[in-house]
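Chemist: Could you work out the structure for the sequence below:
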Amino acid sequence: MPPDRYPSDLTNGQWELIEPLLPEPNAGARPEKHPRPEIVNAILYVVRSGCPWRYLPTDLPPWQTAY
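Modeler: Have a look, this model is predicted:
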């Protein structure tokens, strides 16, 4: 995972706890465009800051992906 950029970003330890709870990607599907931890970080950013989805910073995945 990249270094923390925002106070809401997951630590490596937190990600290790959350990762097994997420469903596996489909085997025959196209590769994921954005890393899963980054998508979770985007969701947490919105929850923590209260900003609208469309106001996500550009260094996070697009709002449509996180939403």
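
Chemist: Check which helix or strand the spatially most central residue of the chain maps to.
Modeler: Closest residue to the average C-alpha location of the chain: residue 39 at 1.9 Å, with CA atoms, centre = their mean. Assigned by DSSP states H and E, residue 39 belongs to helix 36-49.

Chemist: From the contact counts, what lies against that helix?
Modeler: Using 3 or more CB pairs under 8 Å, 6 or more residues apart in numbering; DSSP states H and E, the elements in contact with helix 36-49 are helix 12-18, helix 63-66. To be clear about C-beta, it is placed using only N, CA and C from the backbone, and glycine gets the same treatment.

Chemist: so where is this structure shaky, pLDDT-wise?
Modeler: Applying pLDDT under 70 to the chain flags residues 1-4.

Chemist: now the residue sitting furthest away from the middle of it, what's its secondary structure?
Modeler: What lies farthest from the middle of the chain is residue 28; by CA atoms, centre = their mean that is 22.3 Å. Here residue 28 is coil, with the state taken from DSSP: H, G, I helix; E, B strand; the rest coil.

Chemist: Distance of it relative to residue 35?
Modeler: 20 Å (CB to CB, to the nearest Å).

Chemist: just residue 17 next, same as before
Modeler: 17 Å.

Chemist: ditto for residue 54
Modeler: Distance from residue 54 to residue 35, by CB to CB: 21 Å.

Chemist: Between those two, which has more neighbouring residues?
Modeler: Higher neighbour count among residue 54 and residue 35: residue 35, with 12 against 9, using other CB atoms under 10 Å.
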